[in-house]
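> Sharing a sequence plus its predicted fold:
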Amino acid sequence: MDHLETLGLEIGQTSDFDSVELLIEEINKPYLTPVLAPDNNDFSRENAFWLIAWDDHEPAMIIGAKLEDLRDEPIDQYWVRTARRHYPTPRGETIKSVAPHIPKEIGGRLVYIGDLFVRPENRGTRGGLEKFMTLAHLVVANRWNPDFTYAFMRDRDVRLGFANRYGFTKHIPFAREWSDPPHGRASNEWLVHLTRCDREHLMRNVAKLPDVLRVVEDQPVPARVVNG
C-alpha cells in the first residue's frame, strides 16, 4: 500500500459509533445511509467498523462495513425485512422484488460495505482510492472472513468500470426493485460482490507488494472532530 503512503495518508479503523456522524460532517459527506447509520442499527465492535484515510489529521476517505451473519435466512427475505425499518414507505413493502437467482448464489456469512466517500480536496487520485478499497477488503477478511462481501453501485459507476477497480469480481444489474426508491437508491443499481475464493486470491497478490500499510485498530478521533 505504498501508494497511499506516497499520498501522505494514514489509515485507521474505528468502532466508535458516536463519532461517525461527526466524521461524516467533517469530511463534507452530504448524508449517511440508513443501512450504516448507527442510530438505525444495533451495532457493536463485533459487527461493524469504519475505515478512514487521514490527510494531515483531516479525514480524506471513509467507508463503513457491517457483518450480516444470515445463517439460513435467504438474502432476499433479509433485504425485504430490513428495508422496512431503514426505508419505510406507505406503499407496502419497500422492496417489491429481488432478482430470483440472487438467493441461490449469495448467502451465509456476509459483509455489506457502503457509504464510500472522498473529501472533495482529495479527489482525482484514483489509484489511492483503489488501494483504499483493497485495504477495506483486507480488513474485512481479517476481522470476519465472510463468504461474500457485497455493495450496491450506481449503474453509471459500474459501466465506467469502478466495480472492477474496487475489487468486486461479480456484478448483477437490477438486483432489487423498489416500490418507491428512497434517496440514494434506485432500481437500476447493481449488486456487486466478492466471494471468499476471489478475496483470498486478491489477498495473495496484495501480499506481494513490498509495503503493506498497517491499519491502526480504533484510532482515536481528534478532539476537534468529537467536539465539533
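Yep, that arrived. All values derive from a computational prediction rather than experimental measurement.

> rest of the way, CA atoms for contacts and neighbours
Will do.

> what is the mean pLDDT for the longest helix along the chain?
Secondary structure of the chain per DSSP state H: the longest helix is helix 126-144. Regarding helix 126-144, the rounded mean pLDDT is 86.

> Helix or strand next in line after it, which one?
Helices and strands here follow DSSP states H and E; after helix 126-144, the next one along the chain is strand 148-153.

> And that next one, what does it pack against?
Strand 148-153 is packed against strand 109-118, strand 190-195, with contacts defined by 3 or more Cα pairs under 8 Å, 6 or more residues apart in numbering; DSSP states H and E.

> Quick one: residues in contact with it.
106-107, 109-114, 137, 163, 168, 189-196 (Cα atoms under 8 Å, 6 or more residues apart in numbering).

> Identify the residues contacting whichever helix or strand comes after that strand?
Beyond strand 148-153 in the direction of the C-terminus, DSSP H and E gives the next helix or strand as helix 155-159. Applying Cα under 8 Å, 6+ apart, the contact partners of helix 155-159 are Ala163, Asn164, Pro173, Asn188, Glu189, Trp190.

> Put the alpha carbons of helix 155-159 into PDB.
Output of helix 155-159 as PDB, limited to C-alpha atoms (Å, rounded to 0.1, in the frame of the first residue of the first chain):
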ATOM      1  CA  ASP A 155     -25.500   2.000 -13.000                       C
ATOM      2  CA  ARG A 156     -23.200   4.700 -14.300                       C
ATOM      3  CA  ASP A 157     -20.300   3.900 -12.000                       C
ATOM      4  CA  VAL A 158     -20.400   0.200 -12.900                       C
ATOM      5  CA  ARG A 159     -20.400   1.000 -16.600                       C
END
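
> Just list what the longest strand seen in the chain packs against, helices and strands only.
Assignment by DSSP state E gives strand 58-69 as the longest strand of the chain. Counting contacts by 3+ Cα pairs under 8 Å, 6+ apart, strand 58-69 packs against helix 20-26, strand 48-55, strand 109-118, helix 126-144.
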